[in-house]
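Student: Need the 3D shape of this:
(2 chains)
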Amino acid sequence: MLRELDVKEVTEKVRDLCIQANHFLSDDMKKALKNAETKETSELGKKILGQLQDNLNIASEEMIPICQDTGMAVFFLEIGQDLHFIGGNLTDAINEGVRRGYVEGYLRKSVVNDPILRINTNDNTPAIIHEEIVPGDKLKITFAPKGFGSENMSRIFMLKPAQGIEGVKEAVLQAVSDAGPNACPPMVVGVGIGGDFEKCAILAKKALTREIGTHSDIPYVADLEIELLNNINKTGIGPAGLGGNNTALAVNINTFPTHIAGLPVAVNICCHVNRHVSLVL
Amino acid sequence: MDHHISVPYTKEEASSLHSGDMVYLSGTIYTARDAAHKRMNEALNNSEDLPFDLSGNVIYYMGPSPARPGHAIGSAGPTTASRMDKYAPRLLDLGLSGMIGKGKRTEDVRQSIVRNGAIYFAAIGGAGALLSKSITSSEVIAYDDLGTEAIRKLTVKDLPCIVVIDSHGNNLYETAVEKYKMI
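Tutor: Model prediction:
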């Protein structure tokens, strides 16, 4: 039995998600910032972490976006295979929701129509949409607007299998050290290991949407997340890159099978405004 | 050390500020980011006037979100300064006395800062709602078609900044990280 879903409902929900994500940071991120403040050894770092929490309060109380970079609109859709969309095209419906959310929500329009010609589209479209077909008849929408201060510091490494887990650790630390103050630390580090060139990048981006403080189900990956977080926090970069022991709030890693000849690693860095919201229709 | 400084400031005042100092800026500053810098650079290439006099002034690398009714500005935090590194030395040599942004600068920019007795300040990235409270007025003065990237004249009151690269060339991003490094 196919279930029908009118895409107008998708547009409405997407509009609301755009406004929600840019004004209200999720509880896991708020908790991580508070925890970082208590652990911070630098006096200036502690003060900055306090200001970042003040910023979140002002944002939600006065409806001023947490960061002026309200991001490029990234969506992860899990589409049940027994779902039938009616009333229009799903991609158009999502873009219409983004358009309405960014215009009606006083969010910044940060998208240009062409990477070289660079004319602002003035409505923050098009969105970047990743779809996955799953069992069932529901639609899960995850919205994760991505600022480019941190996006610009993200990297892909095509390692050799012989480099193994040590090579992965070096790659992640290299990306984080290079990012330094540019990525607005304390960061969240999304890592994708395996797959191929584009798959590892998508794994890394999706890892950023996982709840902070949770770990991979794979024991060695969970251990790697903890070890990398400890090592990143020894780099000295600290809050805002002005020194301290809280450079990252979390390292989230996703893995996927890969080719006998390869070990792709993607490091998608996000700032402390790691926005992610989900709903199911 | 904490300082309250009015902008524009004098070279002597700039020289008295040191890497790591907390500075609260009050007065008039101008916004410009990627696209506005490109246009200003083209204007200079064509021997045209710039939209504002650089001499003694401070540029805030910032593109705000739209202001809600009744607000002077929307969210207004700094953008990454390194993207303006290509243009900054030329503007500094023409009298620009300060830049507010976040993130690393090139050695070329650091030398231009020293040569001209200027300052590179950091504002806290990702604290745009908080920083907007220090901006009391905002007016687009040029390149309106660039939207958020237009040049704005801002009036600021106690805008919180940290001196990263001072006029003597000290760089807080390097010294602070060394201090807390454990590996």
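
Student: and A:Thr121, what is it in contact with?
Tutor: Residues near A:Thr121 by Cβ atoms under 8 Å, 6 or more residues apart in numbering or on different chains: A:109, A:111-113. Yep, even glycine has a C-beta here, placed from its N, CA and C like the rest.

Student: need these in TSV with neighbour count, pLDDT and distance to chain B, can you?
Tutor: Putting the contacts of A:Thr121 into TSV (neighbours: other Cβ atoms under 10 Å in any protein chain shown; pLDDT from 0 to 100; distance: Cβ to the nearest Cβ, whole Å) gives the following:
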residue	neighbour count	pLDDT	distance to chain B
A:Lys109	20	97	6
A:Val111	19	97	11
A:Val112	14	96	9
A:Asn113	12	97	13
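
Student: Among those residues, which one sits closest to A:Asn233?
Tutor: Nearest to A:Asn233 among those: A:Val111, at 33.7 Å, using Cβ to Cβ.

Student: give the contact list for the closest one.
Tutor: A:72, A:120-121, A:124-126.

Student: From those residues, list just the buried residues.
Tutor: Neighbour-count burial (16 or more other Cβ atoms under 10 Å in any protein chain shown) applied to the contacts of A:Val111 gives A:72, A:120, A:124-126.

Student: Tabulate the CA atom coordinates of stretch A:234-247 in CSV.
Tutor: Taking Å, rounded to 0.1, in the frame of the first residue of the first chain, the C-alpha atoms of stretch A:234-247 are listed here in CSV:
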residue,chain,number,x,y,z
LYS,A,234,45.9,19.0,23.2
THR,A,235,46.7,21.2,20.2
GLY,A,236,46.3,24.3,22.2
ILE,A,237,44.1,26.0,19.6
GLY,A,238,41.2,26.6,22.1
PRO,A,239,38.0,28.6,21.9
ALA,A,240,38.1,31.1,19.0
GLY,A,241,41.6,29.9,18.3
LEU,A,242,42.9,32.1,21.1
GLY,A,243,44.4,29.3,23.2
GLY,A,244,43.0,26.7,25.5
ASN,A,245,42.1,23.0,26.0
ASN,A,246,38.7,23.0,24.2
THR,A,247,39.4,23.0,20.5
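
Student: any residues touching it, and which ones?
Tutor: Contacts of stretch A:234-247 (Cβ under 8 Å, 6+ apart): A:36, A:39-42, A:44-46, A:48-49, A:52, A:173, A:176-177, A:180-182, A:184-187, A:232-233, B:102-103, B:122, B:124-125, B:162, B:164, B:172-173, B:176-183.

Student: re the thing from before, let's see which of the contacts of A:Thr121 end up in helices.
Tutor: Among those, the subset assigned to helices under DSSP state H is empty.

Student: Helices along chain A, start to end?
Tutor: So, for chain A - with DSSP H - the helices run A:7-23, A:27-39, A:43-62, A:90-104, A:148-151, A:164-179, A:197-207, A:219-232.

Student: oh, I was asking about chain B
Tutor: Counting by DSSP H, the helices of chain B are B:11-16, B:34-45, B:88-93, B:107-116, B:128-132, B:172-180.

Student: And the first one, how far out from the chain middle?
Tutor: This points to helix B:11-16. How far helix B:11-16 lies from its chain's middle: 16 Å, per Cα atoms, centre = their mean, to the nearest Å.

Student: Return it as CSV; C-alpha atoms alone will do.
Tutor: Only the C-alpha atoms of helix B:11-16 are listed here, as CSV (Å, rounded to 0.1, in the frame of the first residue of the first chain):
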residue,chain,number,x,y,z
LYS,B,11,48.6,55.9,15.3
GLU,B,12,49.8,56.5,18.8
GLU,B,13,46.7,54.8,20.2
ALA,B,14,47.2,51.9,17.9
SER,B,15,50.8,51.6,19.0
SER,B,16,49.7,51.4,22.6
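
Student: Of all the helices of chain B, which one comes closest to chain A?
Tutor: Chain A sits nearest to helix B:172-180 of all those, at 3.0 Å, using Cβ to the nearest Cβ.

Student: returning to what we had before: export the helices of chain A as a markdown table, with columns for mean pLDDT and mean neighbour count.
Tutor: As requested, these are exported to a markdown table (pLDDT from 0 to 100; neighbours: other Cβ atoms under 10 Å in any protein chain shown):
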| stretch | mean pLDDT | mean neighbour count |
| --- | --- | --- |
| helix A:7-23 | 98 | 21 |
| helix A:27-39 | 97 | 17 |
| helix A:43-62 | 97 | 19 |
| helix A:90-104 | 98 | 21 |
| helix A:148-151 | 96 | 22 |
| helix A:164-179 | 98 | 18 |
| helix A:197-207 | 98 | 21 |
| helix A:219-232 | 98 | 16 |
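
Student: Comparing the helices of chain B, which comes out most buried?
Tutor: helix B:128-132 (a mean of 28; mean count of other Cβ atoms under 10 Å in any protein chain shown).

Student: is that helix anywhere near chain A?
Tutor: Yes. Counting by Cβ under 8 Å from any Cβ of the partner chain, chain A has neighbours in helix B:128-132: B:128-130, B:132.

Student: what does the average pLDDT come to for that helix?
Tutor: Mean pLDDT, computed over helix B:128-132, is 98.

Student: possible to save the helices of chain B as TSV with distance to A:Gly101?
Tutor: Formatted as TSV, these follow (distance: least, Cβ to Cβ, whole Å):
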stretch	distance to A:Gly101
helix B:11-16	43
helix B:34-45	24
helix B:88-93	35
helix B:107-116	37
helix B:128-132	18
helix B:172-180	35
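
Student: I'd like to know how many residues surround the residue lying closest to B:Ser55 once chain neighbours are set aside.
Tutor: Counting by Cβ to Cβ, 6 or more residues apart in numbering or on different chains, B:Ser55 lies nearest to B:Gly95, which is 3.6 Å off, once chain neighbours are set aside. B:Gly95: 13 surrounding residues under other Cβ atoms under 10 Å in any protein chain shown.
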